[in-house]
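S.K.: what would the 3D arrangement of this be:
(one chain, ligands or ions: 2)
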Amino acid sequence: MAKINEDLNREREKCSFNVKELTILMDGGPEKTKERKERENFMISKRDTYAGIPEDYLSYKEQYEKAVKKSVIVFGLVRRLQEEGKTTIHNYRDVLGNLLRASDVSTGFPLALHYIMFMPAIINQGTDEQTARWLPRAWDCNIIGSYAQTELGHGTFIRGLETTATYDPITKEFVLNSPTLTSYKWWGGGLGQTANYSIVVAQLYTKGECLGVHSFIVQVRDEETHMPLPGIKIGDIGSKLALNGINNGFLGFNNYRVPRNQMLMKHAQVLEDGTYVKSRNPKLNYGAMVFVRVVIAFDMANYLSKAATISVRYSAVRRQCQSKAGEQESQVLDYLTQQHKLLPAVAACYALKITANKLWDTFNTVNEELLAGNLQRLPEIHALACCLKAISTYDTATFIETCRLACGGHGYMHSSNLPTTYSSAVAACTYEGDNTVLLLQTARFLAKTWQEIDNETGKLTPTVEYLKTTKSKGFSHKWLNTTDNIVYGFEVVSMRKIASCVQNMQKRVASGMTFEDAWNMSSIQLVAAAEAHCRVIILSTFNSEIKELTKTTSPELKRVLSQLVDLYSVYWALEKLSDLLQYTTINHEDVDGLRSWYEDLLTQLRPNAVGLVDAFDLKDEMLNSTLGSYDGRAYERLLEAALKSPLNSEPVNHTFHKYLKPFMLGKL
Ligand SMILES: CCCCCCCCCCCCCCCCCCCCCC(=O)SCCNC(=O)CCNC(=O)[C@H](O)C(C)(C)COP(=O)(O)OP(=O)(O)OC[C@H]1O[C@@H](n2cnc3c(N)ncnc32)[C@H](O)[C@@H]1OP(=O)(O)O
Ligand SMILES: Cc1cc2nc3c(=O)[nH]c(=O)nc-3n(C[C@H](O)[C@H](O)[C@H](O)COP(=O)(O)OP(=O)(O)OC[C@H]3O[C@@H](n4cnc5c(N)ncnc54)[C@H](O)[C@@H]3O)c2cc1C
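M.R.: Residues are numbered from 1 along each chain as shown. Ligands and ions are numbered 1, 2, ... in the order given. Below is the predicted model of the structure:
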């Protein structure tokens, strides 16, 4: 093994806690760590055959072809583990999450939507009969599905979708049509060339009446030849900022027929004679989206952990400028400004992972209640998934970009893997619901909840209980000198912001504005209120879960994790200072106190920075970065990667003779 950079060696020597203990804690136990490592090692053993050519230099088509080849390996293993009884509906998140984390495909998987939306839509929205018919084939990948909801003209406004599915009671089929250019399906992952089936979301017409959007299982390509079926126009939508392996596609229909039993009918049905039977709640049809929003929050922690590992390790080996004349140049990690860029990002990895795990558990609990017919918590889980998806994606993208900038010029290199990590993660701010739109959904739920509190009607669901408590207790002066107090401060901010939005809207409506206009005029504040609520959820979950988890850890680990929670809460208190000053009774002394506490925390955590990212246990093959490798040989790797540039395969490029030389001689 190559020699490890001396600075990194020193960092590891001075780490005050046991890195393995933290890894195991975050995995959920030694058995889980072992399983994860086995899955990751398998993926790493399947490193690819495009030897020597970094992915960035592959053409668009080659990137897709590599992504297909890799998908078959990843999902082939999932299938094998399933045959051996090792992948079940209970652990698929971990299995897939581990395999995808360890894959060397940075362009995304064209089979992702098959697992992440096609199957969940069948599970969530299919009848028992439909699930029995379609799920085994999908689970075995005998058929490959996509999710075609968004159209050229509409993504956010699902009720505005234009694709039609008109029931024909004579043949007992739905006839699918794309009546306008803007009704063409656009974006479906894997839809371009990969899938042969798709969930298609369309306006249902029966007995001459439009009954709103419903989901259909639609075959789009022949199962043998893979040719598009007659009546189907399908293709790839072209190159994007990143994720070019995902194979997003377009889809149009011309009188294309599907049998009646291919409308997903768990919640609403069309009977043979065309009679429509309503769902208990039409939003149950949006179940797959809620599920994916939960998965995305979970996925974000992975993206951010990669960026944080790369930038922290690099900052330990990068030396720049002399802090004191005559001394050795400083590791850039020793600059407080650098710690301010990186350590909140490290803390956010832990905060997001822990909150996403909790959200996953809440989602499963609520889903079981929904299956048992109890819809009481449906609005709450929707509001929770919306805001956590929005804030986790926004924070992740922002922190990754900060990590990239913290690596100076080398962070701009594709070989650092930071540009690709950023451009892949930032897509999540848009897909599965634009973040602003999702925060407005959460705000809608909060505004309703506030009115219930005001009117003392209804029973509050657990995640908004604090609004009532803080309303009655208020914020008599508390020093923001503990995380518990900061969390309480944020609860008050959230409560007051929601109260103020509702009050403003009521005033506007009383002065003659329509409710819709009053909503639009208040929407900047509503988005901020939803964000504040989400900050409460993340901060309080991180705080309480770490307290719980560290009951059984070593005191050394407990100390560093408590510092991490404090750092995260103080960071956000300082970021949201204007809110705290406006809505609580803190004063300038509190602010001074927060600032010096923050500086102390950065200094306390500095010696453990490398240990905290080592604990993510991301192997070099997974980081795929010249800057972030375990041995810290950043400069050697940068040069090695530069030599792989296709331009270096010949000493003189032909353009010299064709253009440059004639130009230099004044002949062009
Ligand atoms: C089995 C194996 C599994 C394996 C898993 C393994 C995992 C492990 C591997 C990890 C790797 C991960 C990789 C990830 C890669 C991802 C790839 C990319 C994926 C990207 C896919 C997409 O991108 S796919 C398209 C998504 N496209 C949207 O996301 C549109 C947004 N747009 C809306 O979502 C609606 O349009 C919008 C705004 C709500 C308004 O809907 P609308 O107009 O109908 O409703 P209104 O606003 O009028 O609201 C009327 C009332 O409905 C309430 N309500 C609304 N929605 C509700 C809901 N869902 N549930 C309950 N209630 C709801 C609302 O709160 C109101 O309630 P109330 O009346 O009481 O106030
Ligand atoms: C990488 C990627 C993969 C995707 N995969 C899929 C897929 O597999 N299947 C699928 O069906 N779709 C997919 N999508 C589409 C995605 O779900 C939509 O792009 C997303 O829901 C946003 O919708 P939009 O594009 O219509 O944005 P728009 O709604 O047009 O947003 C444009 C702007 O308008 C604002 N806006 C819109 N409505 C409101 C409002 N009511 N109030 C305030 N502001 C508003 C938004 O905030 C935004 O600033 C994918 C998208 C991406 C980028």
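
S.K.: what about Ala202, which helix or strand?
M.R.: strand 197-206 (DSSP states H and E).

S.K.: that strand: what's the following helix or strand?
M.R.: Next along the chain after strand 197-206, taking DSSP H and E as the criterion, comes strand 209-219.

S.K.: chain center to that following strand: distance?
M.R.: Relative to its chain's centre, strand 209-219 lies at 28 Å (CA atoms, centre = their mean, to the nearest Å).

S.K.: okay, the angle between it and strand 197-206?
M.R.: For strand 209-219 against strand 197-206, the angle by axes from the mean of the first three to the mean of the last three CA atoms, to 10 degrees is 160 degrees.

S.K.: state the mean pLDDT of strand 209-219.
M.R.: Regarding strand 209-219, the rounded mean pLDDT is 97.

S.K.: wait, does the helix or strand of the chain with the lowest mean pLDDT contact ligand 1?
M.R.: Here the helix or strand of the chain ranked lowest by mean pLDDT, DSSP states H and E is helix 92-101, holding a mean of 83. Yes. Counting by CB under 6 Å from any ligand atom, contacts between helix 92-101 and ligand 1 involve Tyr92, Arg93, Leu96, Gly97, Leu100. Every residue, glycine included, has its C-beta placed from N, CA and C.

S.K.: and the contacts of the next helix or strand after that helix?
M.R.: Following helix 92-101 in sequence order, the next helix or strand is helix 112-113 (DSSP H and E). Contact partners of helix 112-113, identified using CB atoms under 8 Å, 6 or more residues apart in numbering, comprise Gly145, Ser146, Tyr147, Gly188, Gly189, Gly190, Leu191, Ala195, Ile246.

S.K.: where does the stretch 51-200 of the chain dip in pLDDT?
M.R.: In the predicted model, the stretch 51-200 of the chain carries pLDDT under 70 at residues 51-52.

S.K.: list the buried residues of stretch 141-153.
M.R.: By 16 or more other CB atoms under 10 Å, the buried positions in stretch 141-153 come out as Cys141, Ile143, Ile144, Gly145, Ser146, Tyr147, Ala148, Gln149, Thr150, Glu151, Leu152.

S.K.: ok, which residues in the protein are in contact with ligand 2?
M.R.: Going by CB under 6 Å from any ligand atom, the residues of the chain near ligand 2 are 113, 147-150, 154-156, 187-189, 243, 248, 427, 430-434, 436-437, 440.

S.K.: just the residues you listed: which are in strands?
M.R.: When those are checked against strands (DSSP state E), the matches are Tyr147, Ala148, Trp187, Gly188.

S.K.: farthest pair within those residues?
M.R.: The most widely separated members of those, counting by CB to CB, are Tyr147 and Trp187 (9.1 Å).

S.K.: returning to what we had before: just name the closest of the ones in strands among the residues of the chain next to ligand 2 to Gln219, please.
M.R.: Checking these one by one against Gln219 (CB to CB), the nearest turns out to be Ala148, at 12.4 Å.

S.K.: what about the strands in the chain?
M.R.: With DSSP E, the ranges of strands along the chain come out as 145-148, 164-168, 173-177, 185-188, 197-206, 209-219, 232-236, 249-253, 256-259, 269-270, 276-277.

S.K.: so what pLDDT did the spatially most central residue of the chain get?
M.R.: The chain has Ile296 as the residue nearest its centroid, 3.2 Å off, counting by CA atoms, centre = their mean. What the model reports as pLDDT for Ile296 is 95.

S.K.: quick one: low-confidence ranges for this protein?
M.R.: In the chain (pLDDT under 70), the answer is 1, 48-52, 477.

S.K.: from it, which residue is nearest to ligand 2?
M.R.: Nearest residue of the chain to ligand 2 (CB to the nearest ligand atom) works out as Gly155 at 2.4 Å.

S.K.: pull out the buried residues from the residues of the chain next to ligand 2.
M.R.: For these, a neighbour count by 16+ other CB under 10 Å gives the buried set as 113, 147-150, 154-155, 187-189, 243, 248, 427, 431-433, 436, 440.

S.K.: of those residues, which ones also sit close to ligand 1?
M.R.: Okay, of these touching ligand 1 (CB under 6 Å from any ligand atom), that's Tyr147, Gln149, Thr150, Gly155, Gly189, Tyr431, Glu432, Gly433.

S.K.: excluding sequence neighbours, find me the nearest residue to the second one.
M.R.: Closest residue to Gln149 in three dimensions, ignoring its sequence neighbours and counting by CB to CB, 6 or more residues apart in numbering: Val201, at 4.2 Å.

S.K.: also the first one?
M.R.: Leaving out its chain neighbours, the residue that sits closest to Tyr147 by CB to CB, 6+ apart is Met117, at 3.7 Å.

S.K.: show the contacting residues for the residue nearest to Met119 when sequence neighbours are not counted.
M.R.: Counting by CB to CB, 6+ apart, Met119 lies nearest to Ala138, which is 5.2 Å off, once chain neighbours are set aside. Ala138 is in contact with His114, Phe118, Met119, Ile122, Gly145, Tyr197, counting by CB under 8 Å, 6+ apart.

S.K.: what's the spacing between the fourth one and Asp94?
M.R.: Right, Ile122. Separation of Ile122 from Asp94 (CB to CB, to the nearest Å): 21 Å.

S.K.: the two: who's more crowded?
M.R.: A count of neighbours by other CB atoms under 10 Å puts Ile122 above the other of Ile122 and Asp94, at 24 against 16.

S.K.: hang on, the more buried one packs against Arg133?
M.R.: No. The criterion here is CB atoms under 8 Å, and Ile122 misses it with Arg133 at 9.3 Å.

S.K.: stretch 463-479 and ligand 1 in contact?
M.R.: No. On the criterion CB under 6 Å from any ligand atom, stretch 463-479 is out of touch with ligand 1, staying 13.7 Å away.

S.K.: chain center to that stretch, what's the gap?
M.R.: Taking CA atoms, centre = their mean, the mean C-alpha location of stretch 463-479 is offset from the chain mean by 31 Å.

S.K.: list the helices and strands the strand holding Ala202 packs on?
M.R.: Contact here means 3 or more CB pairs under 8 Å, 6 or more residues apart in numbering; DSSP states H and E; on that basis strand 197-206 packs against strand 145-148, strand 164-168, strand 173-177, strand 209-219.

S.K.: what angle do it and strand 164-168 make?
M.R.: If you take the same axes, to 10 degrees, strand 197-206 sits at 70 degrees to strand 164-168.

S.K.: what's near enough to touch Ile586?
M.R.: Counting by CB under 8 Å, 6+ apart, Ile586 touches His477, Lys478, Trp479, Leu480, Gly489, Leu580.
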